[in-house]
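Peer 1: My questions concern the predicted model and sequence given below.
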Amino acid sequence: MTAATTAVAPVSGESLSARRAQSAARVRALTLFLLGVLAVWFSLNAFGIAAQFKFWINEQGGASADLTTSVGVLWIVAGIASMVVAVLQIIRGASFRWRRWLLVVIAPWVTAVLAALLNGTPAIVTNVIGGSLEASTPITMAALAGILSERSGMFNIALEGKMLVGAFVAALASSIVFMVTGNTVLATVVAIALAMLASGLLGLLLGWLGIRHKVDQIIAGTVINIGAVGITSVVFLRILQHNTEFNNPPSVGAMRIPLLADIPVLGPIMFDAKPYVYVGYILVLFLTYMIYRTRWGLRLRASGEKPAAAGTVGINVIAIRYRALFFAGLISGLAGSYLSLSTAGSFQMEMTAGKGFIGLAAMIFGGWHPIGAFFAALVFGFADAVQSLLSILGVAVPPQLLASVPYVVTIIVVAGVVGRVRGPASAGQRYEQG
Amino acid sequence: MKRVTSFARRLAVPTLSVITALIVGAIAIVLTDFDAYSKLGTDPVGAIAGAVGGVGKAYGSMLAGAFGDPTRIVTALQTGNPKDVASAIRPITETLVAATPYIFTGLAIAISFRAGMFNIGGDGQIRLGALAATMAAIFLAGKVASPIILLAALAAAIVAGGFWGFIPGFLKARTGAHEVITTIMLNSIASLVLFFALRSPELRAAGSSSPVSKNLQPIVDVPNIIALPTLRLDYGFVVALIMAGLVSLLLFRTTKGFELRASGFSLTAARYAGISAGGSMMLAMALSGGLAGLAGGFMVIGTVGQLSLDISGGIGFNAIALALLAGLRPSGVVAAALLFGALTQGGKLMGVQSGIPFELLIFIMALVIMFVAAPGLIRSIWRIKVAKPAAEIATVSPTGASEAGTL
């Protein structure tokens, strides 16, 4: 009798959580089903509105491949997708891996909403995706910098401030070198190198505060963020504002990669862009290789997961963290230089506007993996590109509402709606080298 | 005697931090003196003297802006002409006016940091509080008596700010989303909300092309302490002092306050003691947001009298420096807020008289945070013997926050 009760107790606990999961699954299924009904209802009045998507085949403004359908059809697709996933959810119950299937629902919904907003105006998909790539590049780079530091065990809130300083140094250095030599390429190269160096030094400052002086890493990062806003604004207001020749860098424009850009459809999207975008691709692949395929990467990850164990086998955890922060600084400086040299064309006060933090969100969304972070950043870039597309076309949505989309998405992502994520175990904690 | 020395020791690091930060700020003033650079080739001595003189002028005008001219105050008080008295003591009262939102927001940050939550969202909470108070005042105008409007506006400010603070607390407790990211995103969203709200004809000042609200002064105004012309100091300052006392009571004399501090010190230990860590996070963030919202409310219906996009003016960020400088103690917050009020008020005159941008203060405040958070750095610069480093590290860095959450 006693044996039976002890055996029953854990089972009843399990069945309680199982029942909860079951009811959560039913709520999800019902929500998805209602979304499906909603989409079908939207489709009723939308069959008359054309939805046209254009892809440039070879070059901007050249021949295009068009996909033409109607908004109603897109709503039907979204509705069917929602209902199919709802049915799958009911059949598979609590064990259904709904987070992945959510993508199947979100993609047609976003397309349908976009087409409905465009209301018959053709959308040039090449430009939207290309724009997403360009907008995502600084976010990707910030995310890569974040991955490097967090894999080594250091929180890096300071990305935002480092990008701002990078943007500032790049604009100033490029303007001066261009004024003196008149050479665009030289000016840009020197400017980027100096911007990277300045941000790298800030990375070392973060390490020095966090490791040597044991300042909480969040506070140390906040110091750099606030200080960067202060000092760049002071110099901007005291010097650059009145002497605009110091804030007039030659712009970094698009660069076609000869053979790759000739690939139909894909070429104009991926290989007819600003050089920063290509550097972004290379960095993503290079860091993936470095972090997961080299001894250096193994040691880096060990310092972030279990620094005590890493230290025991003779790895110099502190040196690894300093180096990681320096490299992270270099990358964020590069990201910052993109903002002032290419996107905006000059330095503006507080021009990073949260991109460093959005980069951290992309890092989390991408599971601390460079390739994951690249696609996560692309989502944010897409939000950005869609926002500019809609505002150019003058769609009747309040611009503030559109502008807040990336921030809201960031909160949703960080809150783990895409799934509970787990970062390096020891990131943010102090480490004493024995 | 022993108490005196330990008190002096406790003040040593904050005081030296501020002094060092001002020195570095002076170096920044010299280095950004562009006119001096162009003269460096022809007249190096004059250029350097001019740049260094610029520092004296900048900090001198900062002092005058913060405290006024003492001889003028004495003579004005002797003559007793209300107009003269008002203009003589105006710098001091303006310093207190500037200190008021700093006290509220500094207390807000102190509560959240004590509970292990890095509330970087003070700015957003101030904006939302200010917006709610403005909306309450405009929608209730002419419908109820003005004391009721006053109370309703302040209540709306507390609720709106508290809600904006509660969101990151809730997200951290439920999902582990790091509050630093969520509060910063909420700051951006708050400014967009404000911008959106100020487009509506109900709120916007008639005929104004820039996004500012109607003047709220005719509808509701917090009563002034000194009834002299041009003085703006009102009872918001008194409420701020009372709040400091209440926060002190809450944190150090109540069970809830103990639970908040325990969660901030170590989440794991708090959980083992049966404290609901998630509840502490949400409560601390809601209280924190409410206080910051109150700062915004008192500004729009009191000293400023109008809602504008930059109503928060970076107070939420500066309050972080302030709260750390104060060692997260409410009494320290009041003292540090008076200092920051003086810096802010003096910084305005500095901007007008010497052309040094107000943003220099942001840089100086970042340095203050750095030095206070790294007492070892200050000690090695000023060669002070180590007193009790372990205790100090514990007070300025809530470690509990790092144990949970993804960042």
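Peer 2: Alright, I've got the coordinates. Remember, predicted model here, so these are calculated numbers, not experimental data. Residues are numbered from 1 along each chain as shown, chains lettered A, B, ... in the order given.
Peer 1: List the buried residues of the helix or strand where A:A220 lies.
Peer 2: Using DSSP states H and E, the element containing A:A220 is helix A:217-235. By neighbour count, with 16 or more other C-beta atoms under 10 Å in any protein chain shown as the criterion, the buried positions of helix A:217-235 are A:217-235. Heads up, the C-betas are built off the backbone N, CA and C, glycines and all.
Peer 1: got it, and stretch B:134-141?
Peer 2: By 16+ other C-beta under 10 Å, the buried positions in stretch B:134-141 come out as B:T134, B:M135, B:A136, B:A137, B:I138, B:L140.
Peer 1: Out of the residues you listed, which two are the most distant from each other?
Peer 2: Of all pairs drawn from the buried residues of stretch B:134-141, the widest gap by C-beta to C-beta lies between B:T134 and B:L140 and measures 11.1 Å.
Peer 1: near chain A at all, the helix or strand hosting B:Y59?
Peer 2: Under the criterion of DSSP H and E, B:Y59 resides in helix B:44-67. No - between helix B:44-67 and chain A, judged by C-beta under 8 Å from any C-beta of the partner chain, nothing touches; the nearest distance is 10.4 Å.
Peer 1: Pull out the buried positions in whichever helix or strand comes after that helix.
Peer 2: Reading on from helix B:44-67 to the C-terminus, the next helix or strand found by DSSP H and E is helix B:70-79. Within helix B:70-79, the residues that qualify as buried are B:I73, B:A76, counting by 16+ other C-beta under 10 Å.
Peer 1: so is the most centrally placed residue in chain A in a helix, a strand, or just coil?
Peer 2: In chain A, the C-alpha closest to the average C-alpha coordinate belongs to A:A377, at a distance of 2.3 Å (C-alpha atoms, centre = their mean). For A:A377, the reduced secondary structure class is helix; criterion used: DSSP: H, G, I helix; E, B strand; the rest coil.
Peer 1: Now the helix holding B:Y59: buried residues?
Peer 2: For helix B:44-67, the buried set under the neighbour-count rule, 16+ other C-beta under 10 Å, comprises B:47, B:50-51, B:54-55, B:57-59, B:61-62, B:65-67.
Peer 1: Please apply the same query to stretch A:137-145.
Peer 2: Of the residues in stretch A:137-145, A:T137, A:P138, A:I139, A:T140, A:M141, A:A142, A:A143, A:L144, A:A145 count as buried by neighbour count, 16+ other C-beta under 10 Å.
Peer 1: neighbouring contacts of that stretch?
Peer 2: Surrounding stretch A:137-145, the residues in contact under the criterion C-beta atoms under 8 Å, 6 or more residues apart in numbering or on different chains are A:156, A:159, A:162-163, A:274, A:276-277, A:280, A:283-284, A:287, A:327-329, A:331-332, A:334-336, A:338-339, A:343, A:355-356, A:358-360, A:362-363, A:366, A:370, A:373-374, A:376-378, A:380-381.
Peer 1: among those, which are in reach of chain B?
Peer 2: Residues of the contacts of stretch A:137-145 in contact with chain B (C-beta under 8 Å from any C-beta): A:L360.
Peer 1: And stretch A:385-402, what's buried?
Peer 2: Within stretch A:385-402, the residues that qualify as buried by neighbour count (16+ other C-beta under 10 Å) are A:A385, A:V386, A:Q387, A:L389, A:L390, A:V395, A:Q400, A:L402.
Peer 1: returning to that earlier point: mind listing which of the buried residues of stretch A:137-145 are in helices?
Peer 2: Applying DSSP state H to those, the entries found in helices are A:T137, A:P138, A:I139, A:T140, A:M141, A:A142, A:A143, A:L144, A:A145.
Peer 1: which residues touch residue 203?
Peer 2: Answering for chain A, as no chain was given. Applying C-beta under 8 Å, 6+ apart to A:G203 gives the contacts A:S149, A:A158, A:K162, A:L325, A:F326, A:F327, A:A328, A:G329, A:L330, A:S332.
Peer 1: My question was about chain B, not that one.
Peer 2: B:T134, B:M135, B:I138, B:A197, B:S213, B:K214, B:L307.
Peer 1: Compile those residues into a markdown table and extend it with columns for secondary structure, distance to chain A and pLDDT.
Peer 2: Written out in a markdown table, the entries for these read as follows (DSSP: H, G, I helix; E, B strand; the rest coil; distance: C-beta to the nearest C-beta, whole Å; pLDDT from 0 to 100):
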| residue | secondary structure | distance to chain A | pLDDT |
| --- | --- | --- | --- |
| B:T134 | helix | 17 | 96 |
| B:M135 | helix | 16 | 95 |
| B:I138 | helix | 20 | 93 |
| B:A197 | helix | 9 | 91 |
| B:S213 | strand | 16 | 90 |
| B:K214 | coil | 20 | 89 |
| B:L307 | coil | 16 | 93 |
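Peer 1: if we can go back for a sec, farthest-apart pair in the ones in helices among the buried residues of stretch A:137-145, please.
Peer 2: Maximum pairwise distance in these, criterion C-beta to C-beta, is 12.8 Å, between A:T137 and A:A145.
Peer 1: same for the helix or strand B:S191 falls within, what does it pack against?
Peer 2: Here B:S191, judged by DSSP H and E, is contained in helix B:179-197. Using 3 or more C-beta pairs under 8 Å, 6 or more residues apart in numbering or on different chains; DSSP states H and E, the elements in contact with helix B:179-197 are helix A:355-365, helix A:399-403, helix A:405-414, helix B:122-140, helix B:146-175.
Peer 1: how about the first one: buried residues?
Peer 2: By 16+ other C-beta under 10 Å, the buried positions in helix A:355-365 come out as A:K355, A:G356, A:F357, A:I358, A:G359, A:L360, A:A361, A:A362, A:M363, A:I364, A:F365.
Peer 1: Surely the last one is in contact with A:A373?
Peer 2: So that's A:F365. Yes - counting by C-beta atoms under 8 Å, A:F365 does reach A:A373; the two are 7.5 Å apart.
Peer 1: What residues of stretch A:301-314 count as buried?
Peer 2: Going through stretch A:301-314 with 16+ other C-beta under 10 Å, the ones that come out buried are A:R301, A:A302, A:S303, A:G304, A:E305, A:K306, A:P307, A:A310, A:G311.
Peer 1: Identify the residues contacting that stretch?
Peer 2: A:150-153, A:291, A:299, A:315, A:317, A:320-321, A:324, A:424-427, A:431, A:433-434.
Peer 1: Could you tell me which of these belong to helices?
Peer 2: Mapping those onto helices (DSSP H) picks out A:E150, A:R151, A:I291, A:R299, A:V317, A:I320, A:R321, A:A324.
Peer 1: which of these are close to chain B?
Peer 2: With respect to chain B, and counting by C-beta under 8 Å from any C-beta, the subset of these in contact is A:E150.
Peer 1: can you give me the helices in the stretch 151-300 of chain A?
Peer 2: For the stretch 151-300 of chain A, the helices identified by DSSP state H, counting those that start in this stretch occupy A:159-181, A:184-207, A:217-235, A:266-270, A:275-293, A:295-305, in order along the chain.
Peer 1: Who are the packing partners of the fifth one?
Peer 2: Judged by 3+ C-beta pairs under 8 Å, 6+ apart, helix A:275-293 is in contact with helix A:125-151, helix A:295-305, helix A:317-338, helix A:370-393.
Peer 1: how about a cut-off of 7 Å?
Peer 2: Taking 3 or more C-beta pairs under 7 Å, 6 or more residues apart in numbering or on different chains; DSSP states H and E as contact, the helices and strands that helix A:275-293 lies on are helix A:125-151, helix A:295-305, helix A:370-393.
Peer 1: Quick one, which of these gets closest to B:G274.
Peer 2: Of all the helices and strands packed on helix A:275-293, helix A:295-305 sits nearest to B:G274, with 30.8 Å by C-beta to C-beta.
Peer 1: Show the average pLDDT along the closest one.
Peer 2: Helix A:295-305 carries an average pLDDT of 92.
Peer 1: quick check: angle from it to helix A:125-151?
Peer 2: Between the axes of helix A:295-305 and helix A:125-151, defined by axes from the mean of the first three to the mean of the last three C-alpha atoms, to 10 degrees, the angle is 70 degrees.
Peer 1: how far is helix A:295-305 from where the chain is centred?
Peer 2: Helix A:295-305 has its C-alpha centroid displaced from the chain centroid by 23 Å (C-alpha atoms, centre = their mean, to the nearest Å).
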